[in-house]
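S.K.: What follows is a predicted structure for the sequence shown.
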Amino acid sequence: MSVSAVEQAPETSSARLKLTEIFLSLQGESTLVGWPTVFVRLTGCPLRCQYCDTAYAFHGGAWHTLEQVLERVRAYGVRHVCVPGGEPLAQKACLPLLGALCDEGYVVSLETSGAIDIAMVDPRVIRVVDIKTPGSAEVARNRWDNLAVLKEHDQIKFVLCGRQDYDWARGILDQYGLTARCTVLLSPSHGQLGATELADWIVADRLPVRMQMQLHKILWGNEPGR
Ligand code: SF4
């Protein structure tokens, strides 16, 4: 499916967003791990990573106005808001949503596939940008221009499927000087690479990255809405 095939909402104050779910949980990833966080999961993704654990967000969902989303976020009464997908940036109204959340004083993070331009995202947003590895089956979708606009508070995430992906990721870190520019997160792909194995590689190489497990899965398994 092409990006243009993903449903789009008008860019107006009456912008609407298609949501798969909105829920309160603990942030399970990134440098924000552990904070009580409201997740606003937008529907749709133009990618098909072979390890995807949110395929339920590819289709369906329900339309909400921007104000309806903000009202639901406010009702939870926490400081942190994360906008994941799917691929949230595939919906045009994601940009005004992010800006409005920042205006209301939330600490806002965006989880994006790295396949869509991130330059127009509100600079107050912490952008957690994937770099898709060969093992993901979507390496061709990486939008390398995104790396040029990263800020220090942004984060790059690799999900690794094995040693080949790890070695490839090391090459990308060197090529783009990424560890000097922002936090780099390495995660093992569940069921494909052992966490201890990845930890041993990172320690042996003294790699200046943060390894992450998915805290929410350790706590609650892979239930949607947790
Ligand atoms: S970008 Fe994310 S939501 Fe889309 S297929 Fe890949 S892992 Fe799944």
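M.R.: Received the coordinates, thanks.
S.K.: By residue count, what's the longest helix in the chain?
M.R.: helix 163-176 (DSSP state H).
S.K.: Buried ones in whichever helix or strand comes after it, by neighbour count?
M.R.: As assigned by DSSP states H and E, the chain's next helix or strand after helix 163-176 is strand 183-188. The neighbour-count check on strand 183-188 (16 or more other Cβ atoms under 10 Å) flags Thr183, Val184, Leu185, Leu186, Ser187, Pro188 as buried. Where C-beta positions appear, they are placed from N, C-alpha and C, glycine not excepted.
S.K.: Bridge partners for the fourth one, pull those for me.
M.R.: For Leu186, the beta-bridge partners under DSSP bridges are Phe158, Met211.
S.K.: Tell me the confidence at it?
M.R.: On pLDDT, Leu186 comes in at 98.
S.K.: any idea how far Trp63 is from it?
M.R.: Leu186 sits at a distance of 36 Å from Trp63 (criterion: Cβ to Cβ, to the nearest Å).
S.K.: what do you get for the first one?
M.R.: For Thr183, the distance to Trp63 under the criterion Cβ to Cβ works out to 34 Å.
S.K.: and the gap between the residue sitting furthest away from the middle of the chain and the ligand?
M.R.: The centre of the chain is farthest from one residue, Ala204, which by Cα atoms, centre = their mean lies 27.7 Å away. The gap separating Ala204 from the ligand is 28 Å, by Cβ to the nearest ligand atom, to the nearest Å.
S.K.: How is that residue classified with respect to secondary structure?
M.R.: Ala204 falls in the helix class when you classify it by DSSP: H, G, I helix; E, B strand; the rest coil.
S.K.: ok, back up a step: closest to the ligand among the buried residues of strand 183-188?
M.R.: Closest to the ligand out of these is Ser187 (11.2 Å), distances taken as Cβ to the nearest ligand atom.
S.K.: Could you identify the helix or strand that succeeds the lengthiest strand in the chain?
M.R.: Taking DSSP state E as the criterion, the chain has its longest strand at strand 16-26. Per DSSP H and E, the first helix or strand lying C-terminal to strand 16-26 is strand 36-42.
S.K.: Mind exporting the C-alpha coordinates of that next one to CSV?
M.R.: Provided in CSV are the C-alpha atoms of strand 36-42 (Å, rounded to 0.1, in the frame of the first residue of the first chain):
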residue,chain,number,x,y,z
PRO,A,36,2.6,6.6,33.1
THR,A,37,1.6,7.6,29.6
VAL,A,38,-1.5,8.0,27.5
PHE,A,39,-1.1,6.3,24.1
VAL,A,40,-3.0,7.6,21.1
ARG,A,41,-2.6,4.9,18.5
LEU,A,42,-3.5,6.1,15.0
